[in-house]
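> Quick check, what structure comes out for this input:
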Amino acid sequence: MTRALQYLFFLLLVRPLVLLVLGLNVRSRERLPTQGPAIIIANHNSHLDTLALMSLYPLGMQRYLRPVAAMDYFMRNPLLAWFATRIIGIIPLQRSVKAGQGDPLAASVEALARGEILILFPEGSRGEPERLGQFKTGIAHLAKRAPEAPVVPVYLHGLGMALPKGEALLVPFFCDVFVGEPLQWQGDREGFMQSLNMSMQQLAEQSGFPAWE
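As a prediction, the model looks like this:
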């Protein structure tokens, strides 16, 4: 039943909204992982970011896509929590964990072990429209624990103007998606983060779009 609801949600709502109302121009789509374990990371400017990334995949693959999102954002509302975890497939992440009181990455590591594809936003929270924020090192900790999973950077442009932080009204706006080369964990956190930031910056520069004012 849940799987059928998920299928209908993406078929009747998400795909028409993202692909028809907005429209996505995808560059280097062939770099997207077609099977897990794998990790997709992207910049984060809009509520639509997760759904846009999931819409890049066939409907039959939706159940293998697992966005990771902060637990405190949606778990306070039982209905929203059920919808987010069961229909969208979100893995809740507890951002503040005291030493010895749990493993915030456990569910993500388990999902990768099952061969699923994670969707992460290393900036943490949504930033200013179309501006890259500082990546947090949580992605490096996850990559270290699942070194077999490639990390694929994706730069999103336009979604921050279609539905930016703090806004509830959708503005139809053509959006672009730039997919980078996959990166692998090489045993060095600092080097990994530098490579990740450099790859994302190169994708942003590749877009050739001026900064939003």
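
> would you list every one of the strands in this protein?
Remark: strands assigned in the chain by DSSP state E are 24-27, 38-42, 65-70, 91-93, 117-120, 151-157, 175-179.

> and the ones you listed as JSON lines, adding mean neighbour count?
(C-beta placed from N, C-alpha, C; glycine too.) Below are the strands of the chain laid out as JSON lines (neighbours: other Cβ atoms under 10 Å):
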{"stretch": "strand 24-27", "mean neighbour count": "15"}
{"stretch": "strand 38-42", "mean neighbour count": "24"}
{"stretch": "strand 65-70", "mean neighbour count": "20"}
{"stretch": "strand 91-93", "mean neighbour count": "19"}
{"stretch": "strand 117-120", "mean neighbour count": "24"}
{"stretch": "strand 151-157", "mean neighbour count": "24"}
{"stretch": "strand 175-179", "mean neighbour count": "21"}
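
> mind checking which of the ones you listed is nearest M200?
Proximity to M200 (Cβ to Cβ) singles out strand 151-157 among the strands of the chain, at 5.0 Å.

> how much does the closest one deviate in direction from strand 38-42?
Strand 151-157 runs at 30 degrees relative to strand 38-42, counting by axes from the mean of the first three to the mean of the last three Cα atoms, to 10 degrees.

> Which other helices and strands does strand 151-157 contact?
strand 38-42, helix 49-54, strand 175-179, helix 189-207 (3 or more Cβ pairs under 8 Å, 6 or more residues apart in numbering; DSSP states H and E).

> Tell me which of those is the most buried.
The highest average neighbour count among the helices and strands packed on strand 151-157, using mean count of other Cβ atoms under 10 Å, belongs to strand 38-42 at a mean of 24.

> low-scoring pLDDT stretches of this protein, where are they?
Applying pLDDT under 70 to the chain picks out residues 73-75, 95-101, 125-131, 161-172, 207-213.

> could I get the strands of the chain as JSON lines with distance to R189?
Formatted as JSON lines, the strands of the chain follow (distance: least, Cβ to Cβ, whole Å):
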{"stretch": "strand 24-27", "distance to R189": "29"}
{"stretch": "strand 38-42", "distance to R189": "15"}
{"stretch": "strand 65-70", "distance to R189": "19"}
{"stretch": "strand 91-93", "distance to R189": "19"}
{"stretch": "strand 117-120", "distance to R189": "16"}
{"stretch": "strand 151-157", "distance to R189": "13"}
{"stretch": "strand 175-179", "distance to R189": "24"}
